[in-house]
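# Sequence first, predicted coordinates after that:
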Amino acid sequence: MTQTAANPHSPADVFTGLPVGEAGLAEAHALYRGMTVVRAVELEIEKMHRLGRMSGSFHSSLGQEAAAVGVCAALRDGDMVTSTHRGHGHALAKGVPMEGVFAELFGRTSGVSGGRGGSMHLHDRPSGFLGENAIVAGGLPWAAGAAWARRRRGGDDIAVAFIGDGGFAQGVTHETLLLARFWASPCLIVCENNGLAHSMPSDRLFGAPGSIARIVEGTGMHARYVDGRDVVAVAETAREMVARVRAGTPAFLECGVYRVRPHSLSDPDYRYRPKSAGPDWLALNDPIANLRTRLEAHAANRVARIDAEVAAEVEAARDRAEAAERPPAAAAKSFVYTSPELQNHA
């Protein structure tokens, strides 16, 4: 079984121009920084696992950074996001502190989940990141319900639920789409179609990229497809979708991306696709490298400065996180059940 390219056309005919003017360039540089942060953090996590300084599983979103950063760039601080087992990029793009992410994966008390949740259970309420979910598509009803509750209380915040193409095959996805339309829940469902539901090519299930959006559109919900290699296009499309959702109508966005790494650290992906599939795709389609090329034509020094700043920030955050305290053994049973005495002070 061989993975087909999620976006088979050549890079030359897909990338949009940069936003116009100094403000537009500043926005493009911010998008570049956001993607660079996600890439640098995930590469550092991979390295820590190889060195034996982190344990547990890890699902990399390398190559998919434009979807996370482009969508979250359209959100406000008060908006909410739920995510998947492959959610580090969503967390960082929504403003979750990288030190808290590192500390969580190191199993430290300063982790965003107290060192108890690990890679697949990051959450950070202050930044509006309601959490990852190890259950496929499990975060979608969280987002739709939270958005509906926020609107019932008179606010105009929205929620975004990231799912994968494998999550689109889950019954809870379609139940939530139906209820979101019926209740007019202000939520945006973002399906990152990376071409594989673990090892099953998604085009065998749904058709070519864009087919998932057309399926949703057939139910009466507004749906769009965007090429997830182009962060500028993702951000522009997300702004349009978010404006529609904030006005009170749920919507669906399919982002065509590509899973460069194996499903997880322990996945022998060479059994179902060529060993070179990920690197070959990245060599031509890397959303970070392609935006860097466009930006360097305007301000090469600015791009280099961002690269250096992010590298230093990530290294410092990693060091602080690893030096933090581990949870004591005596606290192993804490937070397993509800604690009324804590709820009274919530």
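On my side now, so go ahead.
# CA only for contacts and neighbour counts going forward, please
Will do.
# Look up how far residue 15 lies from the closest residue to residue 326 other than its chain neighbours.
Nearest residue to residue 326, sequence neighbours excluded (Cα to Cα, 6 or more residues apart in numbering): residue 108, at 4.5 Å. According to Cα to Cα, to the nearest Å, residue 108 stands 41 Å off from residue 15.
# which of these two has more neighbours?
Neighbour count, other Cα atoms under 10 Å: between residue 108 and residue 15, residue 108 has more, with 24 against 18.
# State the number of residues packed around residue 304.
By the criterion of other Cα under 10 Å, residue 304 has 12 neighbours.
# Would you mind measuring from it to residue 318?
Look at residue 304 and residue 318: by Cα to Cα, they are 21 Å apart.
# for stretch 104-111, the distance to its chain's centre please.
With Cα atoms, centre = their mean, to the nearest Å as the basis, stretch 104-111 stands 20 Å off its chain's centre.
# and that stretch, how far apart are its ends?
Stretch 104-111 has an end-to-end distance of 4 Å (criterion: Cα to Cα).
# contact partners of that stretch?
Identification of contacts with stretch 104-111 by Cα atoms under 8 Å, 6 or more residues apart in numbering yields 53-55, 99-103, 112-119, 122, 321-322, 324-327.
# Do you have the helices of the chain handy? List them.
Here the chain has its helices, by DSSP state H, at 21-50, 65-72, 88-93, 98-106, 139-152, 171-183, 202-205, 211-217, 231-246, 277-285, 287-323, 340-343.
# so how far is residue 260 from residue 73?
For residue 73, the distance to residue 260 (Cα to Cα) stands at 23 Å.
# scratch that, residue 205 is what I was asking about
From residue 205 to residue 260 the distance is 20 Å (Cα to Cα).
# Between the two, point out the one with more neighbours.
More crowded of residue 205 and residue 260, by other Cα under 10 Å: residue 260, with 20 against 15.
# what about the nearest residue to that one once chain neighbours are set aside, how many neighbours?
Counting by Cα to Cα, 6+ apart, residue 260 lies nearest to residue 278, which is 4.1 Å off, once chain neighbours are set aside. Residues contacting residue 278 under the criterion other Cα under 10 Å number 19.
# Give me the pLDDT value at residue 278.
In this prediction, residue 278 carries a pLDDT score of 95.
# That one touches residue 263, doesn't it?
No: between residue 278 and residue 263 there is no contact under Cα atoms under 8 Å: 11.4 Å.
# Give me the below-cutoff pLDDT ranges for the stretch 1-150 of the chain.
For the stretch 1-150 of the chain, the stretches flagged by pLDDT under 70 are 1-14, 20.
# can you do 80?
1-17, 19-21 (pLDDT under 80).
# show me the contacts for residue 156.
Counting by Cα under 8 Å, 6+ apart, residue 156 makes contact with 150, 246.
# what separates it from residue 148, distance-wise?
Counting by Cα to Cα - residue 156 and residue 148 are separated by 10 Å.
# give me the number of residues near the residue nearest to residue 31 when sequence neighbours are not counted?
Closest residue to residue 31 apart from its sequence neighbours, by Cα to Cα, 6+ apart: residue 69 at 6.5 Å. Per other Cα under 10 Å, the neighbour tally for residue 69 reads 29.
# same deal with residue 186?
Counted with other Cα under 10 Å, residue 186 comes out at 30.
# Tell me the spacing between the residue nearest to residue 128 when sequence neighbours are not counted and residue 226.
Of all residues not flanking residue 128 in the chain, residue 80 sits nearest, at 4.6 Å (Cα to Cα, 6+ apart). To residue 226, residue 80 is 21 Å away according to Cα to Cα.
# repeat for residue 238
Applying Cα to Cα, the value for residue 238 to residue 226 is 9 Å.
# related to what we said a few turns ago, which residues touch the residue nearest to residue 31?
31, 34-35, 89-90, 93, 231, 235.
# between the residues you listed, which has the most around it?
residue 231 (30 neighbours).
# one step back: between residue 80 and residue 226, tell me which one has more neighbours.
Shown here are residue 80 and residue 226; by other Cα under 10 Å, residue 80 has more neighbours (26 against 22).
# was I right about the more buried one contacting residue 160?
Yes: assessed by Cα under 8 Å, residue 80 is found in contact with residue 160 at 6.2 Å.
# hey, what's in contact with both of those two?
residue 143.
# So for the residue nearest the centre of the chain, what's the nearest residue that isn't a sequence neighbour?
Nearest residue to the geometric centre of the chain (Cα atoms, centre = their mean): residue 90, 3.1 Å. Spatial nearest neighbour of residue 90, excluding adjacent residues (Cα to Cα, 6+ apart): residue 68 at 5.1 Å.
# what residues are up against that neighbour?
So residue 68 contacts 89-90, 93 (Cα under 8 Å, 6+ apart).
# so how many other residues sit close to residue 100?
Counted by other Cα under 10 Å, the residues lying close to residue 100 total 26.
# Now do it against residue 208, distance only.
Counting by Cα to Cα, the separation of residue 100 from residue 208 is 38 Å.
# That concludes my questions; thank you for your assistance.
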